[in-house]
Every structure is written in C-alpha cells, then in structure tokens.
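**Student:** Generate coordinates for the sequence data below:
(chains A and B)
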2 protein chains.
Amino acid sequence: MLCETVGVSTLHPAAAPLSFLLGSWSGEGRGAYPTIDDFAYREWVSFRHTGKPFLVYEQRTADAATGAPMHAESGYLRAVGDGRVELVLAQPSGITEIHAGTVEGRTVRLATTTVGVAPSAKRVDALERDLTVDGDVLTYEVRMAAMGQPMTHHLAAELRREAEG
Amino acid sequence: MLCETVGVSTLHPAAAPLSFLLGSWSGEGRGAYPTIDDFAYREWVSFRHTGKPFLVYEQRTADAATGAPMHAESGYLRAVGDGRVELVLAQPSGITEIHAGTVEGRTVRLATTTVGVAPSAKRVDALERDLTVDGDVLTYEVRMAAMGQPMTHHLAAELRREAEG
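**Tutor:** Below you'll find the model as predicted:
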C-alpha cells in the first residue's frame, strides 16, 4: 500500500522543474575519503511524486563485489519556488540531512543547512550534493566534511534510467 | 526494486526486541494542537527489515473525510543495544527528527535529541513519541513543542495489523 505507484496523480506544477528526475535509476558508483579505503558500489535510486510539490526519494546501495547491502537513505526533494529546492532525508546509519539549493535546467545543487546525528552515530559535519541528468543518464557527486576533514570529494556515480515496469 | 519486500533475510538479532512492530498497520487517528483545529485522519504504517539492525519505517495519512493525502514520513528505527533505540526520519514538510529512547516489552518511548527544519519549513522545537502494541493493535501518541507552545499532546491513533499480502 505504502509503496505502490501513485500513477493517477497529476504532477504538482511547483514540482515540474524537477520532473527530469522522475523514475527509477540504477548503476555504479565509487566512494573515497581520506580516512577510509576506496570502495565500489551498485546503486538503485527512485524519484516519484504523489501530486504534491515534492518528489519522494529512495536510494540503496550494495557492495559491487559481494552484493551485500551497504548504504540506504530516504526522504523528500521539495520545490520551494523561484528555482530553489530543499532535500530532507534520513539514513539508517543515524544521520539526517537537510539541504538547500537550486535547480537550473537539469542540474540540482545542494548544500546542507543542518546535519542531524543520532547519539550513537558517527558524526558528519556538512555535505554537498550535485545531481545532473543528461538524456537517460543521472550522475551525481557527494562531498563531505567529517572525521576532522574539510569538505572533500566522497561519492560519484553514474546511473541509467530503468524501463518503466 | 526499492520497495520490494526483502523476505529472504533473517532478522538481525539486535533488531529482535523490535520484531513486534514488523508488518503493515492501518487505522484512524486524531490530531489536536492549541494553535489549530482538531482533525481526524486515516493512517498507513509499515515496519520492515532488511537483515540489518534497524527497521525501515514508512507512514502516510489521509484526511478522514475527503481522503486527501495529508502527512507522510519515512525513516529508520535503530536498535543500538541494551534496550536503547534511535528513530531517524524525514518529512516532506521539511522536518527531520532524531529521537533516542527505549524499548521495553512491546512499548517504545522516544524523545527528540535533534529536530532539523528546512529553511522554508515551519519550525518545530521538540517531539516525543510513544508506541505500544497489544495483540494486533498498535497505538501511539505524539507530543510536540512548537509555535511557542510547551510539550503538548498532538496526535493519537489506533492501528490494526493488516493481513500479509
């Protein structure tokens, strides 16, 4: 019930500038950070809408070699007017992120205004996320300040749009 | 792909104290707050697991009279040991919540350690959430401090476990 596609709703006009993200995407990414070994992952992302002025965002990754589940996150990409967007999400690692930024053409640029850290989670100080769609290819980069490091490249991936099921 | 049930995984031992929440629930709730009119809603909740030490939490509500979508939230309920739990979630209204609390028997008691508010969202200062399961009935209460009000009763609902689909 919760996960079924809401296909009957019309896209909210305020969300129209984000419509290029709608759908399911999958592909490969690579992670790096000064404090850890590089890693490769497989990723699934979906953006869907419910007729309201935001997109529902869901993501998960798996180890590229073993298939073991790695990261996940879920949240909402809000269209708040005048080309401005806000992303709110939660991660099972105990982190919440609130980003503010812009959508220009088919590129979304975001930087955190608030990072929440659960009492038992590892602290993250700030993040930046850029997403771009070119045809049926979505690429993104995530930069992160954490573990005493300044804002530093962390993740990059290239995903392809999946055929509608 | 993202929403399919991960039925093959074994529940992580650390998540066993939360297993009474697993499944899909639906029912009716009522909202109240000193600054707004009372309201009634229909609600759907699911808790599922992926074999890791947390439950995936998804929720949405609709106006009890008109069926119009109202609230939604999604996140993760983390079992962090010694009967302690953490809830992290995001809402399309631009709010993130991080709660810490306890699970004792079939009752989870939570209070926010961090509430994140997106730049364009309405500020919420703090929340408390209690959930209890008795047989196939889940009841919860949410208390909220916002809009200049101290911690005050806000939401209560009674949900029934749905048959597995």
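**Student:** Bridged to the nearest residue to residue A:151 once chain neighbours are set aside, which residues?
**Tutor:** Spatially, and ignoring its direct neighbours in sequence, residue A:151 is nearest to residue A:145 (4.7 Å; C-beta to C-beta, 6 or more residues apart in numbering or on different chains). No exception for glycine: its C-beta is placed from N, CA and C like everyone else's. Taking DSSP bridges as the rule, residue A:145 bridges to residue A:126.
**Student:** Thought residue A:123 was touching residue A:145, still the case?
**Tutor:** No. Judged on C-beta atoms under 8 Å, residue A:145 makes no contact with residue A:123 at a distance of 10.2 Å.
**Student:** Could I get the full set of strands for chain A?
**Tutor:** Remark: strands assigned in chain A by DSSP state E are A:23-33, A:36-49, A:54-63, A:69-81, A:84-91, A:95-104, A:107-117, A:124-134, A:137-146, A:152-161.
**Student:** Who are the packing partners of the second one?
**Tutor:** In this case it means strand A:36-49. With contacts taken as 3 or more C-beta pairs under 8 Å, 6 or more residues apart in numbering or on different chains; DSSP states H and E, strand A:36-49 sits against strand A:23-33, strand A:54-63, strand A:69-81, strand A:152-161.
**Student:** still on that earlier bit, ok, now which ones touch the residue nearest to residue A:151?
**Tutor:** Shown in contact with residue A:145 (C-beta atoms under 8 Å, 6 or more residues apart in numbering or on different chains): A:124-127, A:151-152.
**Student:** Residue A:35 now?
**Tutor:** A:147, A:149.
**Student:** and it, what pLDDT?
**Tutor:** Looking at residue A:35, its pLDDT stands at 95.
**Student:** State the distance from the nearest residue to residue A:125 once chain neighbours are set aside to residue A:34.
**Tutor:** Leaving aside its sequence neighbours, residue A:125 sits nearest to residue A:145 (C-beta to C-beta, 6+ apart; 4.3 Å). Computed as C-beta to C-beta, to the nearest Å, the residue A:145 to residue A:34 distance reads 11 Å.
**Student:** repeat for residue A:130
**Tutor:** Between residue A:130 and residue A:34 the distance is 20 Å, computed by C-beta to C-beta.
**Student:** More neighbours: these two, which one.
**Tutor:** residue A:130 (16 against 12; other C-beta atoms under 10 Å in any protein chain shown).
**Student:** which residues does residue A:89 bridge with?
**Tutor:** residue A:75, residue A:97.
**Student:** Report how many residues lie close to it.
**Tutor:** Quick note: residue A:89 (other C-beta under 10 Å) scores 24 neighbours.
**Student:** Could you do residue A:73 as well?
**Tutor:** Neighbours of residue A:73 under the rule other C-beta under 10 Å: 22.
**Student:** Same question for the one 4 residues further on.
**Tutor:** Residue A:77 has 25 neighbouring residues, counting by other C-beta under 10 Å.
**Student:** Give me the number of neighbouring residues for the residue nearest to it when sequence neighbours are not counted.
**Tutor:** In this structure, residue A:77 finds its nearest non-sequential neighbour in residue A:55, 4.5 Å apart by C-beta to C-beta, 6+ apart. Residue A:55 sits with 25 neighbouring residues when counted by other C-beta under 10 Å.
**Student:** Show me which residues of stretch A:151-165 are buried.
**Tutor:** Counting neighbours by 16 or more other C-beta atoms under 10 Å in any protein chain shown, one finds that the buried residues in stretch A:151-165 are A:154-157, A:159, A:161-162.
**Student:** Ok, stretch A:116-136 next?
**Tutor:** A:116-118, A:121, A:124, A:126-131, A:133.
**Student:** Pick out the most distant pair among those residues.
**Tutor:** A:118 and A:133 (32.1 Å; C-beta to C-beta).
**Student:** List the beta-bridge partners for residue A:159.
**Tutor:** With DSSP bridges as the criterion, residue A:159 is bridged to residue A:27, residue A:138.
**Student:** Sorry, wrong one. I was asking about residue A:117.
**Tutor:** Here residue A:117 sits in beta bridges with residue A:95, going by DSSP bridges.
**Student:** ok, back up a step: would you mind measuring from the residue nearest to residue A:151 to residue A:35?
**Tutor:** 12 Å.
**Student:** Next: residue A:76.
**Tutor:** Taken as C-beta to C-beta, the span from residue A:76 to residue A:35 is 30 Å.
**Student:** swap in residue A:20?
**Tutor:** Taking C-beta to C-beta as the measure, residue A:20 falls 35 Å from residue A:35.
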